[in-house]
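Predicted model follows, preceded by the sequence.
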Amino acid sequence: MRRAAAATTTTTTARMAAEELRQASAAAATAEASAPPPPAAAAAAAGSRWAKVWPPALRWIPTSTDRIIAAEKRLLSVVKTRYVQERVNIGSAPPGSKVRWFRSSSDEPRFINTVTFDSEENAPTLVLVHGYGASQGFFFRNFDALANRFRVIAIDQLGWGGSSRPDFTCKSTEETEAWFIDSFEEWRKARNLTNFILLGHSFGGYVAAKYALQHPEHVQHLILVGPAGFTSETEHSSEWLTKFRATWKGMLMNHLWESNFTPQRIVRGLGPWGPGLVQRYTSARFGSHSTGELLSDHESQLLTDYIYHTLAAKASGELCLKHIFAFGAFARKPLLQCASDWKVPTTFIYGQQDWMNYQGAQQARKDMKVPCEIIRVPQAGHFVFIDNPSGFHSAVFYGCRKILSGDGEEGLTLPDGLISA
């Protein structure tokens, strides 16, 4: 029967963050200079009642929640395992929460977009949480293999992908963390889940770790894939970053960061030219600049379409950036400071070319009082699960070998090619 740390942020991290912001600023300036201004009616349509009467082809930003879900369905058409897509109601006001995601002009309930894949009857549950600027569809190359061993559930975090996108009103790091942690907990309650394996990538790894620190009773095993947010700037000072901040470019980048300027704003600002920008990014990151298995033309086309619609939709969860990280991608409340409080066995997975440095996980492991492993996957960068799917799957299966064996025995040696750090 079937049924439906990660990383010490090094100078390389700071340089990449600054370079990404520099490119974003340059792209925005180019777009402003070269693209014609949006028609008044079309600009007014975005985010207003007129968006409902303008046909998609005439909207300045040609996307909507329905189009996100449609793009998701097209992307998941390459997956062979059957699945169920649903929008899980998480209510409008979790009792006792300080979070502001339910405070808006209406008391309408919020929803978490969820896909659940068919699995063997007693397979352990694996919950996947995406990173910043991504959505659950980024795991499209992994669902089939993982569903052979787990009951796989993937979600779009609140404010991302096909989930509800409330106005982002958080004003502090604490409120912003609560936005994601409390909404995930309400989703868990709605799905009546417990004793599950929680996997988070990048910023999703930060959220997964923070959730496991608050609710360890529900998490059987934690898998952090290239996680962000382990160190603060004071814990890892960078002479290069200090000098860069003193330049006019550095001051501009820092201002953009503190102003919550996001890459998504560029995509929206380009209007109907946005898909072209996303196409160039997808081709570069997962094509000519990929470190592992290249996407097919069909996969690239489907992923580009999906990424565009998830990025161009209403700004919501993306606005967490400045509250969670300082300029240079340094955590304001770093996970490294919580390592001694860890209560859940943890597996770290990094691509060998990941710009997130695995040495941060090594430092955290010294203070952990629970089992902790660090695995590096060859021929892979930060999106290890897209770059080298087979290596990523081997790392996940190895990390969960005690759970999968059913008898608590190790049962496996580290698969060939993987590196223990």
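Cool, got the structure. Residues are numbered from 1 along each chain as shown.

By mean pLDDT, point me to the weakest helix or strand of the chain.
Least confident helix or strand of the chain, by mean pLDDT, DSSP states H and E, is helix 40-45 with a mean of 34.

Mind listing what's buried along whichever helix or strand comes after that one?
Note on helix 40-45: by DSSP states H and E, the next helix or strand toward the C-terminus is helix 65-75. Within helix 65-75, the residues that qualify as buried by neighbour count (16 or more other Cβ atoms under 10 Å) are 65, 67, 68, 69, 71, 72, 75. Every C-beta, even on glycine, is put in place using the N, C-alpha and C of the backbone.

helices or strands up against helix 65-75?
Helices and strands touching helix 65-75, by 3 or more Cβ pairs under 8 Å, 6 or more residues apart in numbering; DSSP states H and E, are strand 83-91, strand 110-117, helix 297-312.

what is the mean pLDDT for that helix?
The pLDDT scores in helix 65-75 average 94.

Check stretch 276-291 too.
83.

Other residues contacting it?
27, 266-267, 270, 294-295, 300, 303-304, 307-308, 311, 351-353, 379-381, 383, 386-388 (Cβ atoms under 8 Å, 6 or more residues apart in numbering).

How far away from the center of its chain is that stretch?
In terms of Cα atoms, centre = their mean, to the nearest Å, the centre of stretch 276-291 is set 18 Å apart from its chain centre.

Return the set of buried residues in that stretch.
Within stretch 276-291, the residues that count as buried by 16+ other Cβ under 10 Å are 277, 278, 279, 281, 282, 283, 285, 286, 290, 291.

Take those and write them to JSON lines, including distance to residue 135 and secondary structure.
Shown next, in JSON lines, are these (distance: Cβ to Cβ, whole Å; DSSP: H, G, I helix; E, B strand; the rest coil):
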{"residue": "277", "distance to residue 135": "18", "secondary structure": "helix"}
{"residue": "278", "distance to residue 135": "13", "secondary structure": "helix"}
{"residue": "279", "distance to residue 135": "17", "secondary structure": "helix"}
{"residue": "281", "distance to residue 135": "15", "secondary structure": "helix"}
{"residue": "282", "distance to residue 135": "14", "secondary structure": "helix"}
{"residue": "283", "distance to residue 135": "19", "secondary structure": "helix"}
{"residue": "285", "distance to residue 135": "16", "secondary structure": "helix"}
{"residue": "286", "distance to residue 135": "15", "secondary structure": "helix"}
{"residue": "290", "distance to residue 135": "20", "secondary structure": "coil"}
{"residue": "291", "distance to residue 135": "22", "secondary structure": "coil"}
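
Just the buried residues from the contacts of stretch 276-291, in PyMOL please.
The PyMOL command for the buried members of the contacts of stretch 276-291 (criterion: 16+ other Cβ under 10 Å) is given here:
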select buried, resi 27+266+267+270+295+300+303+304+307+308+311+351+352+353+379+380+381+383+386+387+388
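
Could you tell me which of the contacts of stretch 276-291 belong to helices?
Applying DSSP state H to the contacts of stretch 276-291, the entries found in helices are 27, 266, 267, 300, 303, 304, 307, 308, 311, 386, 387.

got the contact list for the fourth one?
Meaning residue 300. Per Cβ under 8 Å, 6+ apart, neighbours of residue 300: 282, 283, 286, 287.

Mind doing that once more with 6 Å?
Residue 300 sits next to residue 282 when contact means Cβ atoms under 6 Å, 6 or more residues apart in numbering.

where exactly do the strands run in the stretch 251-400 of the chain?
When assigned using DSSP state E, counting those that start in this stretch, the strands of the stretch 251-400 of the chain occupy the ranges 325-326, 330-331, 346-351, 372-377.

Format these as CSV; extra columns: mean pLDDT and distance to residue 317.
Listed next are these as CSV, based on pLDDT from 0 to 100; distance: least, Cβ to Cβ, whole Å:
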stretch, mean pLDDT, distance to residue 317
strand 325-326, 84, 14
strand 330-331, 82, 17
strand 346-351, 97, 23
strand 372-377, 97, 27
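
Quick one: closest of those strands to residue 189.
Among these, strand 346-351 comes nearest to residue 189, with 23.7 Å by Cβ to Cβ.

Pick out the residue closest to the middle of the chain.
Nearest to the geometric centre of the chain sits residue 131, at 1.0 Å (Cα atoms, centre = their mean).

can you count the residues close to the residue nearest to that residue when sequence neighbours are not counted?
Nearest non-adjacent residue to residue 131, counting by Cβ to Cβ, 6 or more residues apart in numbering: residue 202, 3.1 Å away. Residue 202 is flanked by 25 other residues according to other Cβ atoms under 10 Å.

looking at it, residue 202 is touching residue 224, isn't it?
No. Counting by Cβ atoms under 6 Å, residue 202 sits too far from residue 224 to count as a contact (9.3 Å).

Residue 170: which element?
Counting by DSSP H and E, residue 170 is part of no helix or strand.

ok, the closest residue to it other than its chain neighbours - contacts?
Nearest residue to residue 170 in three dimensions, chain neighbours excluded: residue 176, at 4.4 Å (Cβ to Cβ, 6+ apart). Counting by Cβ under 6 Å, 6+ apart, residue 176 touches 170, 320, 323, 324.

for the residues you listed, which one is nearest residue 155?
Using Cβ to Cβ, residue 320 is the member of the contacts of residue 176 that lies nearest residue 155, at 16.1 Å.

Could you check how far the closest residue to that closest one other than its chain neighbours is from residue 75?
Closest residue to residue 320 apart from its sequence neighbours, by Cβ to Cβ, 6+ apart: residue 176 at 4.9 Å. Remark: distance between residue 176 and residue 75 (Cβ to Cβ, to the nearest Å) = 28 Å.

Please apply the same query to residue 293.
17 Å.

who wins for neighbours among the contacts of residue 176?
Most surrounded of the contacts of residue 176: other Cβ under 10 Å gives residue 320, at 25 neighbours.

Alright, calling it a day.
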